[in-house]
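K.L.:
fold the following for me, if possible:
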Amino acid sequence: MLPTKLLFSLLPLLASPAAGLVSPADYTIKVGALGPWGSPDDTPAYSYIDKDGSYWWQSGHALYGANDPRKWTFASGQTMDDAKTNTLVSNYVNPSNPLDSNKDTTWRCNNSPTGQIASVVNGSSYSQKNFCDIAGLWVDPDTGDWIGLVHNEFTGRPYGDGLHFDGIDLAISSDQGKTWNIRERIITSPYKTVRGDTEAFPQQTYIYGDGDPRLLADPASGYFYVWYGSRVVDKGGSWVAFYAHVARAPMSGKLSAGSWQKYYNGTWSQPGLGGKESNLVPVSASNSKGYTPPEKEYNPANPGKTAAQIAAGLTPPTSPLFVMDVSYNAYLGLWIGEPQNPDQSGNAPQEIYATDNLETQQWVKIGDTGSYTTASWYRWFLDSVTATSSAIVGKDFRAYCSFGCSGGRSSEYVNLAIESTKPASLIDTKKQYRIEADGAVLGMRGGKGASQAKWKFAPTGDGAYIIQNQSGALGVKSSGDGASTRAWGTHVTALQPNASDPAFHWWVIKNADGNSFRIINRYSGLALALSLPSSDTSTDLAETVPVRSWTAPAGGVGNGRKAASQVLNVHPV
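P.N.:
The predicted model follows:
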């Protein structure tokens, strides 16, 4: 039985932040009923939509025993509610190498770039050199390839303890997830990850590396962001302090090695491979910067166990922002995050943080879930209306949990809403607008039909808009059976609106330049793009395509599409 609906108006405990930051007093978190989630795994379930419009989520696990399962799972369907494990993909065996398969990733992990530098201890509970999970996936707009982040746990018991090292690799599939090439390491620790290296870690502790990535492709800036974690381990003991980090890379780099920059000491200044990394912490009255000062970061030369170092102020305690998953909340106009609570008893609420600027990474606690408590090992947000999007959500959304959930459950989601006295207001809904990009105008026919080029934005009330002219509402309905479609290159037309249909809902995202916009279809997650007609009698082409900040090469799936076609200028008429 699900519990009765809970509602909490929660006042945050944080003191007022510095000027220009998010103010906690402007937000109220409301907690609703629980919902079912039946597929918990050892990673969050990461949602994405393929080039043909099909919905997928992926997860993985790699258990340590010699005969334990190690598997990458791929599920498909219409939404997360009905998606089922796709056995063709999840059980696929590489025909050129029978040892490599999604249903048994042992060979794949051991022979990956990280696996090749790893080592195993005979008699240890860690039966393999490396255990790896796919954890976050993006579909390349130029090729349709699936590109994923790989979380590695390697070289078990490196200092006689019960832990391992972590690192993050890149994997690519050119056949929709059936076979994978783990190509390269992309984010690694500033400290060495070599068994028993007493030169790197001369005292009683060590850092076990960078792992547990949480990926966001941000349409406003054209960057990937990945929040990840590291942990301090007592040699011969266990982990004690957990630290939060973030790196970013331009989307044009397609998550590759060399494109990542870590956030350190207030700037994106350090390389993903081996660079220094700041420990992110919430903005507070005692720390206005939102990260640990470099002189107070962990130092392997400091003697003593971790707890003693924390007590002496020699290393930070666990960050409240550890392994935070992040979504853009269009109703608030903020990025929101839910990290792992340092209190893992199961009796602590889920804390919610927000920032108005991913460039500066200044996260402010805006509330928590009150008497809804959870330890929540793996978390992610999902838009309630579509049940497909974690990148952008509306006012009402779901917060999923796999393992360590409320009441001792192993899986669930909880319905949340964040109300605000200052919701986002990017568009004057009383005005009409002309929408143009790269010389093309939405609604024009070869430079003609100015009356059709006047658009109004009607708010849905949860952060999305219905965009209308005198002929109808902008939507993605196919001309054949009338069904909504999420496929790349879907033609967009003005149709009889259905306010409850997310195919007619559009997110309005202000680009990082502060002047132009991207308009994202809620149903497909694709960006509205405009291009000039081929003749003066044809309609300027409007279609939905993947977000891109570069021009696609000629041919292929991208077919030469320009970045400029989806950078929209919206002018009052």
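K.L.:
in the stretch 401-550 of the chain, which spans are strands?
P.N.:
Taking DSSP state E, counting those that start in this stretch, the strands of the stretch 401-550 of the chain run over residues 411-420, 433-437, 440-441, 456-459, 465-469, 472-475, 490-491, 493-495, 506-510, 517-521, 527-531, 541-545.
K.L.:
what about the helices in this protein?
P.N.:
Along the chain, counting by DSSP state H, helices occupy 87-90, 106-110, 113-117, 306-311.
K.L.:
among the ones you listed, which is the most enclosed?
P.N.:
Highest mean neighbour count of the helices of the chain: helix 106-110, a mean of 22 (counted as mean count of other Cβ atoms under 10 Å). Just so you know, the C-beta spots here come from the backbone N, C-alpha and C atoms, and that holds for glycine as well.
K.L.:
and residue 182, what are its bridge partners?
P.N.:
Per DSSP bridges, the residues bridged to residue 182 are residue 171.
K.L.:
how about the contacts made by it?
P.N.:
108-109, 112-114, 132, 150, 169-171 (Cβ atoms under 8 Å, 6 or more residues apart in numbering).
K.L.:
run a quick neighbour tally on the closest residue to residue 508 other than its chain neighbours.
P.N.:
Leaving aside its chain neighbours, residue 508 sits nearest to residue 426 (5.3 Å; criterion: Cβ to Cβ, 6 or more residues apart in numbering). Residues lying near residue 426 (other Cβ atoms under 10 Å) number 13.
K.L.:
I figured residue 426 hits residue 330, correct?
P.N.:
No: counting by Cβ atoms under 8 Å, residue 426 stays clear of residue 330, with 9.3 Å between them.
K.L.:
anything in contact with each of these two?
P.N.:
Shared contacts of residue 426 and residue 330 (Cβ under 8 Å, 6+ apart): residue 508.
K.L.:
what's the span of stretch 153-167, first residue to last?
P.N.:
End-to-end span of stretch 153-167 (Cα to Cα, to the nearest Å): 7 Å.
K.L.:
buried stuff in that stretch?
P.N.:
Using 16 or more other Cβ atoms under 10 Å as the test for burial, stretch 153-167 gives 153-159, 161, 163-167.
K.L.:
which residues of the stretch 51-200 of the chain fall in strands?
P.N.:
Assigned by DSSP E, counting those that start in this stretch, the strands in the stretch 51-200 of the chain fall at 55-62, 70-77, 84-85, 130-139, 146-154, 165-173, 181-187.
K.L.:
with distance to residue 218 and mean pLDDT added, can I get those strands in a markdown table?
P.N.:
Output for those, formatted as a markdown table (distance: least, Cβ to Cβ, whole Å; pLDDT from 0 to 100):
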| stretch | distance to residue 218 | mean pLDDT |
| --- | --- | --- |
| strand 55-62 | 20 | 98 |
| strand 70-77 | 24 | 98 |
| strand 84-85 | 30 | 98 |
| strand 130-139 | 12 | 98 |
| strand 146-154 | 15 | 98 |
| strand 165-173 | 18 | 98 |
| strand 181-187 | 17 | 98 |
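K.L.:
can you list the domains in the chain?
P.N.:
In terms of domains, the chain is parsed into 13-42+324-424, 43-323, 433-572 (source: automatic domain parsing).
K.L.:
which of those has the lowest mean pLDDT?
P.N.:
With a mean of 86, domain 433-572 has the lowest mean pLDDT of the domains of the chain.
K.L.:
next, format the strands of the stretch 401-550 of the chain as a markdown table and append mean neighbour count and distance to residue 342.
P.N.:
Shown next, in a markdown table, are those (neighbours: other Cβ atoms under 10 Å; distance: least, Cβ to Cβ, whole Å):
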| stretch | mean neighbour count | distance to residue 342 |
| --- | --- | --- |
| strand 411-420 | 20 | 20 |
| strand 433-437 | 21 | 46 |
| strand 440-441 | 20 | 51 |
| strand 456-459 | 18 | 38 |
| strand 465-469 | 21 | 39 |
| strand 472-475 | 22 | 45 |
| strand 490-491 | 18 | 45 |
| strand 493-495 | 17 | 50 |
| strand 506-510 | 22 | 33 |
| strand 517-521 | 24 | 34 |
| strand 527-531 | 24 | 38 |
| strand 541-545 | 21 | 42 |
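K.L.:
of all those strands, which one is nearest residue 237?
P.N.:
When the strands of the stretch 401-550 of the chain are compared by Cβ to Cβ, strand 411-420 sits nearest residue 237, at 30.7 Å.
K.L.:
tell me the contacts of the nearest residue to residue 252 once chain neighbours are set aside?
P.N.:
Spatial nearest neighbour of residue 252, chain neighbours left out: residue 550 (4.0 Å); criterion: Cβ to Cβ, 6+ apart. Residue 550 makes contact with 251-252, 563, according to Cβ under 8 Å, 6+ apart.
K.L.:
same thing with residue 473?
P.N.:
Neighbouring residues of residue 473 by Cβ under 8 Å, 6+ apart: 466-467, 494-497, 504.
K.L.:
ok, what's across the strand from it?
P.N.:
Bridge pairing for residue 473 (DSSP bridges) gives the partners residue 468, residue 495.
K.L.:
how near is it to residue 399?
P.N.:
Distance, residue 473 to residue 399, by Cβ to Cβ, to the nearest Å: 31 Å.
K.L.:
go on, residue 428?
P.N.:
From residue 428 to residue 399 the distance is 32 Å (Cβ to Cβ).
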